[in-house]
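J.: Based on what follows, work out the 3D shape:
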Amino acid sequence: KLNDMRAGGSKMQYRNTRQRKIVLEAVQEHHDHPSADQIYLEIRAKDPRISRGTVYRNLNILSEEGQITHVKVPGADRYDCRTDFHYHLICTGCGAVCDAPFSYDPTPDKTIAAESGYRITRHRLIFEGVCPACQKAERENKRCTETWNVQDLSGIRSNPARFLYKENHRQCRWFQKALA
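T.: Residues are numbered from 1 along each chain as shown. Got it, this is the predicted structure:
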């Protein structure tokens, strides 16, 4: 089966392949915005025949098709299973990337379009700061090894983001954490 895609006015077609399905499923299993290399290593552990180039190429195709989102952040680009417009946070301490608990605001798109004459399709916003785990580690003069993943995204408009964190390699209970 072929997928149709418009790129620069021309029509491109991609076959749905077994490898593309595996890559898509690997991204969808994550809520922590994995890098291409993380996805490759996970898939490679399950299927040693898959190459790095195949994984990277399929990540790009899936992103172009709108099935996943390519998140461009300092360090290594990341991938997100959420395809709606939303913002991201990146920790300058440990490099963790998560969804910001703030709804997308189309107002700047309209303002910039009116002022510039451009047809704006979206904007991307990445907040940089120090995550709560790194702040805690700083207070205790330790290196942060905890990872933060935004979960329960369905209520992001009305509720603060819910975070799940790992401490000493064991999962802790769900809790809500203000990002102040």
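J.: doesn't residue 63 make contact with residue 69?
T.: Yes. Counting by Cβ atoms under 8 Å, residue 69 does reach residue 63; the two are 6.7 Å apart. For glycine as for every other residue, the C-beta is placed from the backbone atoms N, C-alpha and C.
J.: so what sits against both of those two?
T.: Residues touching both residue 69 and residue 63 (Cβ atoms under 8 Å, 6 or more residues apart in numbering): residue 79.
J.: list the buried ones in the longest helix that the chain contains?
T.: When the chain is parsed with DSSP state H, its longest helix is helix 52-65. Neighbour-count burial for helix 52-65, with 16 or more other Cβ atoms under 10 Å as criterion, is recorded at 54-55, 58-59, 61-65.
J.: Same question for stretch 25-35.
T.: 26-27, 30-35.
J.: ok, back up a step: redo the buried residues of helix 52-65 as TSV? Include pLDDT and distance to residue 139.
T.: Formatted as TSV, those follow (pLDDT from 0 to 100; distance: Cβ to Cβ, whole Å):
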residue	pLDDT	distance to residue 139
54	94	44
55	96	39
58	96	42
59	97	37
61	96	44
62	96	40
63	96	38
64	94	43
65	94	44
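J.: Looking at those, which is nearest residue 88?
T.: Nearest to residue 88 among the buried residues of helix 52-65: residue 63, at 14.9 Å, using Cβ to Cβ.
J.: Please identify the helix or strand for the residue nearest to that closest one when sequence neighbours are not counted.
T.: Leaving aside its sequence neighbours, residue 63 sits nearest to residue 70 (Cβ to Cβ, 6 or more residues apart in numbering; 4.1 Å). In this assignment (DSSP states H and E), residue 70 forms part of strand 69-71.
J.: Run through who's touching the next helix or strand after that strand.
T.: Per DSSP H and E, strand 69-71 leads on to strand 78-80 as the next helix or strand towards the C-terminus. Outside strand 78-80, the residues that touch it by Cβ under 8 Å, 6+ apart are 27, 30, 33-36, 39, 59, 63, 68-71, 88, 97, 99.
J.: Spell out which strands sit alongside the next helix or strand after strand 78-80 in the sheet and which way each one runs.
T.: Toward the C-terminus, strand 78-80 is succeeded by strand 88-91 as the next helix or strand (DSSP H and E). Applying DSSP bridges, strand 88-91 is found paired with strand 97-99 (antiparallel), strand 126-129 (parallel).
J.: Need the winner for burial among the ones you listed.
T.: Burial of the strands paired with strand 88-91 is given as mean neighbour count (mean count of other Cβ atoms under 10 Å); strand 97-99 ranks first at a mean of 22.
J.: Any stretches of the protein with poor pLDDT?
T.: 1-15, 142-180 (pLDDT under 70).
J.: 80 instead?
T.: 1-16, 141-180 (pLDDT under 80).
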